[in-house]
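J.: model the following, please.
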Amino acid sequence: MASGDIQSDESLYPIAVLIDELRNEDVQLRLNSIKKLSTIALALGVERTRSELIPFLTDTIYDEDEVLLALAEQLGTFTQLVGGESYVHVLLPPLESLAQVEETIVRDKAVESLRILAPQHSTTDLETYFVPTVKRLAQGDWFTSRTSASGLISVCYSRVSNHVKGELRQLFKSLCQDDTPMVRRAAASKLGEFAKVVEPEYLRQELVSLFTNLANDEQDSVRLLAIEAGISMANLFRHEDLEQQMMQTLRTATEDKSWRVRYVVADKLVELQKAVGPEITKNDLVTSYCALLKDPEAEVRAAAASKLKDFSTHLPADTREQMIMSQILPCVKDMVGDMNQHVKSALASVIMGLSPLLGKDNTLEHLLPLFLSQLKDDYPEVRLNIISNLDCINEVIGVRQLSQSLLPAIVELASDAKWRVRLGIIEYMPLLAGQLGPEFFDEKLSSLCMSWLTDHVFAIREAATNNLKKLVEKFGRDWAQSTVIPKVIQLARDQNYLYRMTCLFAVNALAESCGQDITQRMMLPTVVTLASDPVANVRFNVAKTLQRIYPALDQNALALHVKPCLEKLCQDSDHDVQHFASEALETLTKMSLNSVALDELSEFLDPQGRLDIKSLALQTLLSLTASKEGRHLLLSSLPNTDPNKSLLSRICRLVFEDVQESIRFDALLFLVNLTGDNELSILNNKQMSITNDFWLQLLKHCIDDRQYEHADAGCKLLSNITSRTITIDQLNELINHFDKNYPLWFDNVIQAFSTIDYNFKKNNLDYLSAFLVNLTQSKIIRQRLRDNEHLKRLLCFTDQNHSIIRRGSIACILKNCCFDHESHEQLIYHMSNNDDFICSLLLPLTGSTADELTEEENEQLPIDLQYLPSNKQRETDRDIQQILLEAILLLCATKSIRKYFRSKQIYLILRQYHQQPNLDFACDRTCERIIQILIGDEDYNVETDNLLELNIPEDLREKFHDSDRKEEENHLNQ
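T.: So this is what the prediction gives:
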């Protein structure tokens with residue numbers, strides 16, 4: 001008997017605890033108890049949850065809003081806890097009560113949960129339990145229940161009987177005609193959703209009249225929601241029915257007395273435009289749009305202005321230009337001088353989009369003056385929006401015309417007497433540089449950027465150094481080495497000490513972007529020289545600079561140049577110089593101590609060690625790989641002795657030997673991050689040389705083990721270690737090591753890469769293609785690809801259906817194979833089908849040959865390029881296009897291949913490709929060169945069949961370069 005009492009008490013314990021906590025005065029405790037409802041329900045079991053917990057919750061719904069909100073959210077996930085979908089209806093009573101409370105967010109969450117539960121009801125339960133709940137809410141005395149009902153009718157309508165559907169339509173009608181504005185507002189917000197599930201005949205007979213009434217409601221909050229719903233409903237009508245059913249109401253809305261309604265119309269106008277079709281757009285919407293652009297309220301004008309580009313783009317093509325010029329553009333011209341900055345800013349963000357629609361002549365005559373006016377606007381956001389979208393106009397009028405019109409205005413602003421205006425232009429410069437390209441930028445704006453380094457205002461000089469960093473990141477290190485660094489170093493010899501300090505600030509900013517080689521070779525000597533500067537401010541900034549750039553320097557540079565320089569500055573007569581030099585020296589010392597700390601940390605990285613400590617140590621190391629400084633610290637601190645106990649060797653052991661999958665992955669991720677830095681090579685450490693067995697074991701895991709769960713990360717690591725930081729000698733050494741210890745490695749790599757779903761753990765092995773690209777830097781691998789017919793298995797991956805990593809990598813592999821002139825005939829003639837190789841290069845560049853070429857022209861093409869359908873898409877990535885064209889150009893160096901290309905009428909495909917609008921300049925020029933070769937005369941006498949081996953005199957080479965520059969200028973002026 002006593003035992004039975006104990007069991008009874010234990011079964012009541014969860015519900016008793018819940019009751020106690022819900023009666024506690026502490027709101028947070030009550031809130032926490034509600035959040036643990038699912039745990040309590042699991043403890044009670046499904047039967048007691050239905051019979052005890054849910055009724056208890058239903059009877060005790062009185063509390064703070066936060067508690068009720070949490071309860072409403074929890075109940076939406078309770079289906080399985082009450083016994084599954086067969087019993088989901090027991091959750092309706094508490095949610096029905098919550099849907100009637102006064103607090104809006106609680107009601108909305110309850111309705112959201114009810115909408116989640118509705119599809120989980122069977123058809124019978126829906127009519128038996130859910131629909132009566134909706135009816136009670138819709139007919140409730142208090143407006144809160146009726147607003148909740150508005151959001152529930154549409155979710156159950158499509159699954160009930162016709163009789164019940166009629167009742168639900170009547171309920172929704174009564175809600176739309178309710179005396180309380182809040183209820184009508186809720187109904188209007190759900191009108192569009194309800195219209196999508198109602199039968200077409202009732203849509204026209206009943207819902208259109210409801211929309212008309214709501215759109216003419218006395219409350220503007222109701223009208224604006226009705227207009228949103230109306231635009232959604234417009235998509236459900238045929239264009240010819242719209243005029244009769246809805247257009248008069250929507251047309252009236254553009255002139256509504258409330259600016260909020262007009263704002264909604266302006267904001268949703270493009271959606272309406274797509275729904276109504278070209279005729280109604282032409283006859284009605286253009287006039288309405290112009291009225292919105294002239295609206296007396298700034299918010300409405302701003303919303304309308306932001307839709308300028310999209311609205312104009314979707315105008316009927318046959319009358320688009322005429323409508324823009326005659327009706328829209330006059331309104332736009334007025335808005336350029338609008339008194340409200342938000343209107344002007346919205347207009348500036350889209351006005352450039354009119355250029356492609358109006359063409360070059362109209363842009364020059366009508367739009368350019370507007371752009372110039374906005375570029376000189378007082379508000380910086382307006383100027384930024386214009387500069388941000390210069391690429392739109394650049395494509396239409398060309399960069400040369402752009403330089404004659406807008407760039408003078410930019411240069412003028414850059415020299416403005418107000419330093420804040422100059423500062424604004426500096427901030428836009430990287431954006432502008434990306435649109436103009438390095439050559440044009442050097443010609444027009446480079447000197448301007450360098451002049452800011454000697455501005456008399458410090459804020460300008462500081463911004464100029466940051467600007468240089470962004471430009472280097474955009475244009476690359478070669479550009480920095482030839483254009484920027486010499487001018488920065490020249491500042492170190494300036495008479496004004498402020499400009500010598502600017503030199504140091506620039507070095508601080510550029511060191512990371514320029515990389516170790518340029519920093520050590522060009523910038524470090526200048527910094528060390530300035531340590532002897534007569535001005536103390538310069539000397540202590542030398543110390544700060546050395547402290548800042550040390551991650552970009554190797555151990556030799558730190559020991560031979562940096563440390564002696566700092567030790568000298570520590571003895572300086574100026575106390576500030578001593579302070580900053582000591583601080584920098586302390587940082588370098590800490591780095592040495594960090595090396596000791598890493599050694600201690602590595603002791604925990606044992607495959608047999610404690611999981612918690614090992615995981616913590618690995619996470620700490622992994623966090624270091626997230627930053628440049630951390631990676632530099634790790635690589636610079638790695639010892640080159642006792643490799644079996646080194647950090648890297650321990651990490652490598654974890655990758656294969658640890659029993660915990662998460663540890664194996666984190667160890668592999670550590671190596672991926674560490675090798676992802678193109679400036680720091682892991683291979684320079686003796687413990688991780690290119691012939692280390694780890695790389696061979698990793699390859700075997702990725703290829704031989706089809707169950708390997710981390711094959712993608714492994715392939716990424718193999719790609720990283722064979723990328724930019726590896727030398728050709730190291731690469732050949734790696735290949736020889738693989739050949740000696742794993743003779744079939746290359747055959748297996750090709751097999752794995754070319755087999756779809758090769759890895760059973762859903763690793764796609766895309767990065768294996770990047771690994772292959774890196775390997776083709778070696779002539780050994782290129783020859784192996786051709787001789788063993790492996791190349792044939794890769795040709796299909798230039799197709800658009802594959803990932804951009806695969807497409808780009810395979811394109812690079814094909815191009816690399818074309819560098820060997822002596823193998824050109826083997827590539828073309830010794831494949832299984834003579835046309836396979838050239839088709840793999842041309843197919844991504846080819847559009848629809850069925851539509852764009854004649855039948856006679858199609859018959860002359862290789863069979864895989866004939867009669868391609870109208871939906872044939874070209875390769876979308878411009879870099880991949882350029883790589884493919886460069887491969888074809890390399891093949892054109894061989895006389896026999898040129899003859900073959902002519903016989904296959906390859907010119908027709910290239911002509912079709914060249915006729916594309918807005919073709920990238922690099923692709924355009926390469927394509928033109930191929931065409932010129934193919935249509936050229938072969939009667940000239942040359943000493944070799946390989947045009948790449950021709951010895952061109954230096955004077956002629958210079959003429960060709962001049963010709964290229966002129967060609968580029970002519971192209972840009974078109």
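J.: ok, the closest residue to S150 other than its chain neighbours - contacts?
T.: Excluding the flanking residues, the one nearest S150 by C-beta to C-beta, 6 or more residues apart in numbering is A186, at 4.0 Å. For the C-beta atoms, the positions are set from N, CA and C on the backbone; glycine is no exception. Going by C-beta atoms under 8 Å, 6 or more residues apart in numbering, A186 touches R146, T147, S148, S150, G151, L175.
J.: now do A711
T.: H701, C702, D705, N759, K761, N763, L765.
J.: try 10 Å this time
T.: 698, 701-703, 705, 752, 758-765, 767-768 (C-beta atoms under 10 Å, 6 or more residues apart in numbering).
J.: what of P408?
T.: L372, K444.
J.: how about L171?
T.: L171 neighbours (C-beta under 10 Å, 6+ apart): V131, V134, K135, L137, A138, Q139, R146, A149, S150, L152, I153, A187.
J.: what about the strands in the stretch 851-974 of the chain?
T.: Per DSSP state E, counting those that start in this stretch, the stretch 851-974 of the chain has no strands. Nothing in it meets that criterion.
J.: can you give me the helices for the stretch 801-950 of the chain?
T.: With DSSP state H, counting those that start in this stretch, the ranges of helices along the stretch 801-950 of the chain come out as 804-818, 824-829, 836-842, 849-852, 855-860, 878-891, 895-903, 906-914, 921-935.
J.: neighbouring contacts of stretch 922-942?
T.: 437, 845, 878-879, 881-886, 888-889, 891-893, 895, 898-899, 901-902, 905-907, 910-911, 913-914, 916, 918-920, 947, 949-950, 964, 967-968, 971.
J.: pull it out as CSV, backbone CA atoms only.
T.: Provided in CSV are the C-alpha atoms of stretch 922-942 (Å, rounded to 0.1, in the frame of the first residue of the first chain):
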residue,chain,number,x,y,z
ALA,A,922,39.1,41.1,-72.3
CYS,A,923,36.8,38.5,-73.9
ASP,A,924,36.0,40.8,-76.7
ARG,A,925,39.7,41.4,-77.6
THR,A,926,40.7,37.8,-77.3
CYS,A,927,37.8,36.7,-79.5
GLU,A,928,38.7,39.4,-82.1
ARG,A,929,42.3,38.1,-82.2
ILE,A,930,41.1,34.5,-82.8
ILE,A,931,38.8,35.7,-85.6
GLN,A,932,41.6,37.8,-87.2
ILE,A,933,43.9,34.7,-87.2
LEU,A,934,41.2,32.5,-88.7
ILE,A,935,40.2,34.9,-91.5
GLY,A,936,43.8,35.9,-92.1
ASP,A,937,46.0,34.9,-95.1
GLU,A,938,48.3,31.8,-94.7
ASP,A,939,50.5,32.8,-97.6
TYR,A,940,53.2,34.6,-95.5
ASN,A,941,56.5,32.9,-94.9
VAL,A,942,57.5,32.1,-91.3
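J.: could you give the mean pLDDT of it?
T.: On average, the pLDDT along stretch 922-942 is 76.
J.: which parts of that stretch are buried?
T.: Neighbour-count burial for stretch 922-942 flags A922, C923, D924, R925, T926, C927, R929, I930, I931, I933, L934 (criterion: 16 or more other C-beta atoms under 10 Å).
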